[in-house]
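> just coords:
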């Protein structure tokens, strides 16, 4: 695939006009137009609507950019990568974390690792569970950290910890005085749940379905942290875990264990057939040390 054509598409999308894209790329407008047309022909996708004075990205063009944008953005990294290789700086640990535990679990472990290994280099990315698995299997990363299970033939996993499911409730709510919460306690409460396709949504649905009950949903959100923030602001209740709720304003919420007990698993993900570098092994050691310290301070976290 022609890299110039990809750059032409990227520049036209970001700049908004052929003229601006041509100026950015130091090419003529007809040259940029030809590159985009050739790319459309190769992809068999119409990337821009040409009916107006300006090129407007089509839904297909936006979808292509959403999925291919990271690749396009990383094209600019190629000279730096080559320079690092020439200088002998080839050990860069590439980590991908799923949003649910990036701040509470991965960030402290990375900080500990860098403090003990000041010469090390890390690239840390945060991606949705489905995307993270795809990029990890494609060997874009050395290590992944996220919720389990992960069902992918090119990824092997190691259990890192288990966290107990808890009801996240505003401190002023009558249920906040309880020491344990049943599904029956929550069934008539306004419930905030995650959108379809997210693991925590499946886990929350299963908790209610196992009891033969249907919760009163008032809001669907795209992240578990946002669900906890909405609870903090008084919008309803949700079910999550201690790691998710760690960065929400704690004075406004209470975490109350759900009964019967439900536990959520998190682990380390590796591309199958790959050998972890020495930096990777040291990072995993720091990660496990951090998990053990969390488990020592909480009855709702069990280290593996």
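That came through fine. Values in this document were obtained by computation on a predicted structure and should not be read as measured data. Numbers count the residues shown, from 1 in each chain.
> what ranges do the helices span in the stretch 151-300 of the chain?
Taking DSSP state H, counting those that start in this stretch, the helices of the stretch 151-300 of the chain run over residues 183-186, 199-210, 224-232, 242-245, 278-297.
> how about these in a markdown table, adding distance to residue 122, mean pLDDT and mean neighbour count?
Every residue, glycine included, has its C-beta placed from N, CA and C. Output for the helices of the stretch 151-300 of the chain, formatted as a markdown table (distance: least, Cβ to Cβ, whole Å; pLDDT from 0 to 100; neighbours: other Cβ atoms under 10 Å):
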| stretch | distance to residue 122 | mean pLDDT | mean neighbour count |
| --- | --- | --- | --- |
| helix 183-186 | 40 | 92 | 18 |
| helix 199-210 | 25 | 86 | 17 |
| helix 224-232 | 22 | 91 | 23 |
| helix 242-245 | 21 | 89 | 24 |
| helix 278-297 | 8 | 94 | 17 |
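> so which of those helices is nearest residue 111?
Residue 111 lies closest to helix 278-297 among the helices of the stretch 151-300 of the chain, at 9.1 Å (Cβ to Cβ).
> quick one: closest of the helices of the stretch 151-300 of the chain to residue 94.
Of those, nearest to residue 94 by Cβ to Cβ is helix 278-297, at 9.2 Å.
> after that closest one, which helix or strand is next?
Moving toward the C-terminus from helix 278-297, the next helix or strand (DSSP states H and E) is strand 301-303.
> pretty sure residue 252 is touching residue 232, no?
Yes. In this structure residue 252 lies within contact range of residue 232 using Cβ atoms under 8 Å: 4.1 Å.
> so where is the stretch 1-150 of the chain shaky, pLDDT-wise?
For the stretch 1-150 of the chain, the stretches with pLDDT under 70 are 1, 52-54, 70, 73-74, 76-78, 80-91.
> where exactly do the helices run in it?
3-15, 18-25, 29-43, 59-74, 78-86, 99-101, 107-116, 129-137.
> who does the shortest one touch, helix- and strand-wise?
Other elements packing on helix 99-101 under the criterion 3 or more Cβ pairs under 8 Å, 6 or more residues apart in numbering; DSSP states H and E are strand 143-147, helix 224-232, helix 242-245.
> so which of these gets nearest residue 282?
Using Cβ to Cβ, the helices and strands packed on helix 99-101 put strand 143-147 closest to residue 282, at 11.4 Å.
> on that earlier part again, now distance to residue 137 too, for the helices and strands packed on helix 99-101, in JSON lines please.
Compiled in JSON lines, these are given as follows (distance: least, Cβ to Cβ, whole Å):
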{"stretch": "strand 143-147", "distance to residue 137": "9"}
{"stretch": "helix 224-232", "distance to residue 137": "24"}
{"stretch": "helix 242-245", "distance to residue 137": "24"}
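> so which of those is nearest residue 175?
Checking the helices and strands packed on helix 99-101 against residue 175 by Cβ to Cβ gives helix 224-232 as the closest, at 11.6 Å.
> check whether residue 256 really touches residue 171, as I assumed.
No. Residue 256 is beyond contact range of residue 171, at 11.0 Å (criterion: Cβ under 8 Å).
> which of those two has more neighbours?
Between residue 256 and residue 171, counted using other Cβ atoms under 10 Å, residue 256 has the larger neighbour count: 19 against 14.
> next, the contact list for the more buried one, please.
Shown here is residue 256, whose contacts under the criterion Cβ atoms under 8 Å, 6 or more residues apart in numbering are 166-167, 169, 175-176, 178-181.
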